[in-house]
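1. generate coordinates for the sequence data below:
(one chain, ligands or ions: 1)
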Amino acid sequence: MKREACGSLRGKDAGRKVTLAGWVHRLRDLGSLTFVDLRDESGLVQLVFRELPQARKLSREDVIRVRGTVARREAPNPDLPTGEVEVVVDRLEVLSQTRPLPFSLEEEPPRASEETRLRYRYLDLRRPRMQRNLRLRHRTSMAIRDYLDRQGFIEVETPYLTRSTPEGARDFLVPSRLEPGKFYALPQSPQLFKQTLVISGVERYFQIVRCFRDEDLRADRQPEFTQLDLEMAFLEAPEELFALIEGLLAYVFRETIGVEFDTPFPRLSYDQALSRYGSDKPDLRFGLELVDVTKQFSASEMRLLREAVAAGGRVFALRVPGGAGFSRKELGELEGVAKTYGAKGLLWLARGEELRGPLAKFLPDPEPLWRATGAEPGDLLLLVADAFELAATALGQVRLELGRKLSLIPEGKWCPLWVVDFPLLEWSEEENRWSARHHPFTSPKAEDLPKLMDPSFPTERLGELRANAYDLVLNGVELGGGSIRIHRREVQQRMLEVLGIGPEEAEGRFGFFLRALEYGAPPHGGIALGLDRWVMMLAGEESLREVIAFPKTASGACPLTGAPAEVDPGQLAELGLEVKGD
Ligand code: ASP
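-> Numbers count the residues shown, from 1 in each chain. Below you'll find the model as predicted:
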């Protein structure tokens, strides 16, 4: 008899003979009567074994096949879709027995360590929550493909064994056996291939693709991760792409979790995002905006403030309504946050019955400050003074901390936005040179192009140039980013030169691409969105590992397979490699 889905049985099936197979989810042995919840992909159903002693020997997670008759339950279980029925078993076959389980699959959240969950991932993935996440991920990919296909995009695969593509991380290298001493790099992104595809006449490309970045891992990073990567020919301004991606996001959210989005999404320039929210990925689910009070403190008697302003820095303030009563301890904790992000300190001013805080005695007339910040009696002001980005970022982190602490972040609210007009370049202290803020193939804004191309433009002012780059941000999380690209060889060459890559090195690393730009490259641009993070948000999970079938630990290991692992000396010899001892 054909196997039926456990989760599909309903009251109308009563009386039918069925064959089911699956895992023993739960077991209750009442002597002459044994109850088993049988689980397969589709769900759970209760089995009843009468006078079948074999059943008493079953264990959770054994795999069985049963034949039986569907019957209405005397006491239906309203929490289970199949709760109206049970299956009275007349034949039981044990297909596979399990060893004792290393952890319970029922605890939510699981008590087992991450390491144990990953080592026994095949058990961990059986948990309904993980099954739901895998399916949600599948549906997300399907919705993306469906939408982009209808918009005229085609999916093209690009190589994994390739040359280095600079996205600002270290490469994973793969030694070549046929050419000892040479290496492939796994792609940090398909950036140059997708641009080459557009030059090849693929006007709308996308790919759901694995990218590899060898970075020091943080809790929310994986060395290999999946992007929705996309590129369009004849894209000269981002608006067309914004509309497309907004439509995509709206479609995927509707199809997967039934959430509707308002479009168009708001846009903020990088400067606005930093000045108002202290972040280039602002969380717009709550207010608590920063205020620039530099003007109010330009002649302050407090040295720290005066000096910061004199050095070209800024003073930002955050008004905490009703916060005048914050304890020293609370203020100390907030200061800790600001300091973690590089601030020298967190100044505070409480507008209580009297003025309190380190700033109070330096403020002969607080009125202009109240006006600028809207501070009312009972409020608290928190201030950071430093260079623009540092001051804003440190106070932005304090804002986020307050958002959590004061429960200002509503559940179930979705606030997407575009952040635009990023700096083109940023100064790398370590390397003592300019580096690309996005990547070296990003074009400057049209009005800044002449400055980039002008060899007499002062190098130290290159930080003023803005890029035609944009990020998509959702609830304070960067979902992805992209840019309008450079499509003229001389501009690309100049950009590389500014980054300290001379013509010879440029030829060696990117010669193939520079040449492609000489053969009729249309204007183009694109974006990449992090699929893992996107699914994580759809699933309401806090960790990427909950939405990746076989993720790595924070130290880049795979406890299931034991990767990375040593290889045998023969393999190394074939590759012309030798591992140096300590
Ligand atoms: N390649 C870029 C990245 O991986 C995205 C893009 O510019 O399209 O972030």
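2. for the stretch 201-350 of the chain, which segments count as strands?
-> Counting by DSSP state E, counting those that start in this stretch, the segments of the stretch 201-350 of the chain that form strands are 204-212, 224-233, 267-269, 290-292, 314-320, 347-351.
3. could you export those as a markdown table, including mean neighbour count, mean pLDDT and distance to the ligand?
-> Heads up, the C-betas are built off the backbone N, CA and C, glycines and all. Shown next, in a markdown table, are the strands of the stretch 201-350 of the chain (neighbours: other CB atoms under 10 Å; pLDDT from 0 to 100; distance: least, CB to the nearest ligand atom, whole Å):
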| stretch | mean neighbour count | mean pLDDT | distance to the ligand |
| --- | --- | --- | --- |
| strand 204-212 | 21 | 98 | 6 |
| strand 224-233 | 23 | 98 | 6 |
| strand 267-269 | 17 | 98 | 18 |
| strand 290-292 | 21 | 97 | 27 |
| strand 314-320 | 24 | 96 | 29 |
| strand 347-351 | 23 | 95 | 37 |
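4. between these, which one is closest to L572.
-> strand 204-212 (21.5 Å; CB to CB).
5. the closest one vs strand 224-233, what angle?
-> Calculated by axes from the mean of the first three to the mean of the last three CA atoms, to 10 degrees, strand 204-212 forms an angle of 160 degrees with strand 224-233.
6. for R10, which of the strands of the stretch 201-350 of the chain is the nearest?
-> strand 204-212 (36.3 Å).
7. how many neighbours does whatever residue of the stretch 51-200 of the chain ends up closest to the ligand have?
-> Nearest residue of the stretch 51-200 of the chain to the ligand: S189, at 3.5 Å (CB to the nearest ligand atom). Look at S189: counted by other CB atoms under 10 Å, it has 20 neighbours.
8. was I right to think it contacts P166?
-> No: in this structure, S189 is not within contact of P166 by CB atoms under 8 Å, at 9.3 Å.
9. the helix or strand hosting L20 - contacts with which helices or strands?
-> Per DSSP states H and E, L20 falls inside strand 17-29. Helices and strands touching strand 17-29, by 3 or more CB pairs under 8 Å, 6 or more residues apart in numbering; DSSP states H and E, are strand 33-40, strand 43-50, strand 63-72, strand 85-96.
10. residues making contact with the third one?
-> Contacts made with strand 63-72 from outside it, assessed by CB atoms under 8 Å, 6 or more residues apart in numbering, are listed as 1, 3, 9, 11, 13-24, 36, 38, 47-48, 58, 84-98.
11. just the buried members of those?
-> Neighbour counting with 16 or more other CB atoms under 10 Å marks 9, 13, 18, 20, 22-24, 36, 38, 47-48, 58, 84-87, 89, 92 as buried within the contacts of strand 63-72.
12. for K580, give me the pLDDT.
-> We have a pLDDT of 89 for K580.
13. show me what contacts the closest residue to L380 other than its chain neighbours?
-> Using CB to CB, 6 or more residues apart in numbering and skipping the chain neighbours, the partner closest in space to L380 is G323 (3.1 Å). Contacts here follow CB under 8 Å, 6+ apart; on that basis G323 touches 350, 379-380.
14. from L331, how far off is G323?
-> Here G323 is placed at a distance of 9 Å from L331 (CB to CB, to the nearest Å).
15. what's the answer for V156, then?
-> Distance from V156 to L331, by CB to CB: 55 Å.
16. one more: E115?
-> For E115 relative to L331 (CB to CB), the value is 38 Å.
17. can you tell me the residue of the stretch 351-500 of the chain closest to the ligand?
-> G482 (3.8 Å).
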